[in-house]
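In: Okay, here's the prediction I keep looking at, along with the sequence it came from:
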Protein chains: 2
Amino acid sequence: MQLLKDKIRNEGVVIEDRILKVDNFLNHQLDVELFNEMGKEFKRRFKDKKINKILTVESSGIAIACIVAQHFGNIPVVFAKKQKPNSMDGSIYEARVYSFTKEQECYIRVSKNYLNEDDCVLIIDDFLASGSAVAGMINICKQANCSISGVGIAIEKKFQGGREMVQKEGIQLESLAILQEMKNGEVIFG
Amino acid sequence: MQLLKDKIRNEGVVIEDRILKVDNFLNHQLDVELFNEMGKEFKRRFKDKKINKILTVESSGIAIACIVAQHFGNIPVVFAKKQKPNSMDGSIYEARVYSFTKEQECYIRVSKNYLNEDDCVLIIDDFLASGSAVAGMINICKQANCSISGVGIAIEKKFQGGREMVQKEGIQLESLAILQEMKNGEVIFG
């Protein structure tokens, strides 16, 4: 998706050829207009799939998922929580994930009330790197016996293995900007 | 706003007459259609105000803020972060807040890149209780020398004092559902 690639090239900051910081439009300040274009593109790419729910994980994923949901007929968005709030009851699906950026492990959790075997889920996230967060959401969908209609990603770092994990699961993966590598502070798209 | 009040009455769960759990449409599963109606209503209530940016705090606030932003001409949304990611540089505004629901203190942070003296900010959040999160965002806006055009809240628990705090600051406060009290597991609107 050219618009997103242009944003990454013009506003992204590469740190240690390892982390792409896109706080300007995706992870801290949010460009709602861009997200709407992303929503249109996801709808085009998943147009043949039955999708009645979007699953994402807090925090940045929520922003994209909510705007994207509008392009799928205002379907509900469910976000997996990283902290267990004291008002969330015991009936939860849980998966362990590792944050590459934060270099720490955490659990993500979804209440059993919000995913079940009737659901056809589109998983949405801002980044796909090693794929740990997406693997956690796939794991949760399997626990809930729901169908996974696809995985939609804003920015994929192709060199970190997440793609292989999703493909091994036989799930359609659509990433709107695919980074082949980051080198000398520059991004090279795949 | 009747639609929101009906949702609260029909789908909200009152816990110990202290916590209102609205995971069904606001804090875990997200009702994008409802958020659009909320966006229209905020636009109506703040129609005379100059607003060029929305400030909220992760996580649930992000969902509302992004949809609301569409009703103000797709203005940027900035969300205050609760964790300090290792890719956020040192130039930040910071404020201490206390989470009533989680019974813990935390810091919220906004990069200096995303708020400045030219900004006219609408603060958006899901809940107003004691007002600690909103006070933290007001504090951050003051550090950034930006104008605060208003505070827009989905659900206000009027009996917990947040309203007085915002009014003392001389800021227009608009809450779409105001809870007078919670008693015997029921909500009573003000």
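Out: Yes, it's here.
In: quick one: contacts of stretch A:14-32?
Out: A:7-8, A:11-13, A:34, A:60, A:63-64, A:67, A:101, A:126, A:154-155, A:157, A:179, A:182-187, B:62, B:65-66, B:69-70, B:74-79, B:81, B:87-88, B:110-111, B:113-114 (C-beta atoms under 8 Å, 6 or more residues apart in numbering or on different chains). From N, CA and C alone the C-beta is placed, and that goes for glycine too.
In: name the element the residue nearest the centre of chain A belongs to?
Out: Nearest to the geometric centre of chain A sits residue A:125, at 1.1 Å (C-alpha atoms, centre = their mean). Counting by DSSP states H and E, the element that carries residue A:125 is strand A:120-128.
In: Kindly report the same for residue A:7.
Out: Assigned by DSSP H and E, residue A:7 falls in helix A:2-11.
In: Please report how far the residue nearest to residue A:117 when sequence neighbours are not counted lies from residue A:115.
Out: Nearest non-adjacent residue to residue A:117, counting by C-beta to C-beta, 6 or more residues apart in numbering or on different chains: residue A:145, 4.1 Å away. Distance, residue A:145 to residue A:115, using C-beta to C-beta, to the nearest Å: 9 Å.
In: What sits closest to residue A:137 if chain neighbours are left out?
Out: Closest to residue A:137 by C-beta to C-beta, 6+ apart is residue A:123, at 4.9 Å.
In: Tell me which residues touch the one you found, please.
Out: So residue A:123 contacts A:54, A:55, A:56, A:134, A:137, A:138, A:141, A:148, A:150, A:151, A:152 (C-beta under 8 Å, 6+ apart).
In: Tell me the buried residues in the lengthiest helix in chain A?
Out: Using DSSP state H, we find that the single longest helix of chain A is helix A:32-45. Across helix A:32-45, burial judged by 16 or more other C-beta atoms under 10 Å in any protein chain shown covers A:32, A:33, A:34, A:35, A:36, A:37, A:38, A:39, A:41, A:42, A:43, A:45.
In: need the next SSE after it, C-terminal direction.
Out: strand A:53-57.
In: Measure how far that next one is from the centre of its chain, please.
Out: Distance, stretch centre to chain centre, for strand A:53-57: 8 Å (C-alpha atoms, centre = their mean, to the nearest Å).
In: Please find the angle between the direction vectors of the helix or strand that it is followed by and helix B:32-45.
Out: Sequence-wise, the next helix or strand downstream of strand A:53-57 (DSSP H and E) is helix A:60-69. Angle of helix A:60-69 versus helix B:32-45, following axes from the mean of the first three to the mean of the last three C-alpha atoms, to 10 degrees, is 90 degrees.
In: Can you get me the centre-to-centre distance for the helix or strand that helix A:60-69 is followed by and its chain?
Out: Next helix or strand after helix A:60-69 toward the C-terminus (DSSP H and E): strand A:77-80. Offset of strand A:77-80 from its chain centre (C-alpha atoms, centre = their mean): 11 Å.
In: so for strand A:77-80, what's the average pLDDT?
Out: When pLDDT is averaged along strand A:77-80, the result is 98.
In: Quickly run through the sheet partners of that strand, with directions.
Out: Pairing partners of strand A:77-80, with direction, according to DSSP bridges: strand A:53-57 (parallel), strand B:29-30 (antiparallel).
In: winner for burial among these?
Out: Comparing the strands paired with strand A:77-80 by mean neighbour count (mean count of other C-beta atoms under 10 Å in any protein chain shown), strand A:53-57 ranks first with a mean of 27.
In: contacts for it?
Out: A:62, A:64-65, A:68-69, A:72, A:75-80, A:82, A:97, A:108, A:110, A:115, A:119-125, A:133, A:136-137, A:140-141, A:146.
In: mind checking pLDDT for residue A:98?
Out: Confidence at residue A:98, expressed as pLDDT, is 91.
In: Now do the SS call for it.
Out: strand (DSSP: H, G, I helix; E, B strand; the rest coil).
In: shouldn't it be in contact with residue A:134?
Out: No. The criterion here is C-beta atoms under 8 Å, and residue A:98 misses it with residue A:134 at 11.9 Å.
In: who's more crowded, those two?
Out: Using other C-beta atoms under 10 Å in any protein chain shown as the criterion, residue A:98 and residue A:134 rank with residue A:134 on top: 26 against 14.
In: mind listing what the helix or strand hosting residue A:95 pairs with, with the direction of each?
Out: Using DSSP H and E, residue A:95 sits in strand A:92-99. Partners of strand A:92-99 in the sheet, by DSSP bridges, are strand A:104-111 (antiparallel).
In: I'd assumed residue A:69 was in contact with residue A:76.
Out: Yes. Counting by C-beta under 8 Å, residue A:69 is a contact partner of residue A:76 at 7.4 Å.
In: So which of these two has more stuff around it?
Out: Neighbour count, other C-beta under 10 Å: between residue A:76 and residue A:69, residue A:69 has more, with 27 against 18.
In: quick one on the thing from earlier: which one of residue A:145 and residue A:115 is surrounded by more residues?
Out: More crowded of residue A:145 and residue A:115, by other C-beta under 10 Å: residue A:115, with 23 against 11.
In: Surely the more buried one and residue A:91 touch.
Out: No. The pair residue A:115 and residue A:91 fails to qualify as a contact (C-beta under 8 Å) at a distance of 11.2 Å.
In: Now the residue located most distally from the centre of chain A. Its backbone dihedrals?
Out: Relative to the mean C-alpha coordinate of chain A, counting by C-alpha atoms, centre = their mean, the farthest residue is residue A:184 (26.6 Å). As for residue A:184, its main-chain torsions (degrees, to the nearest 10) stand at phi 50, psi 40.
In: Good, wrapping up.
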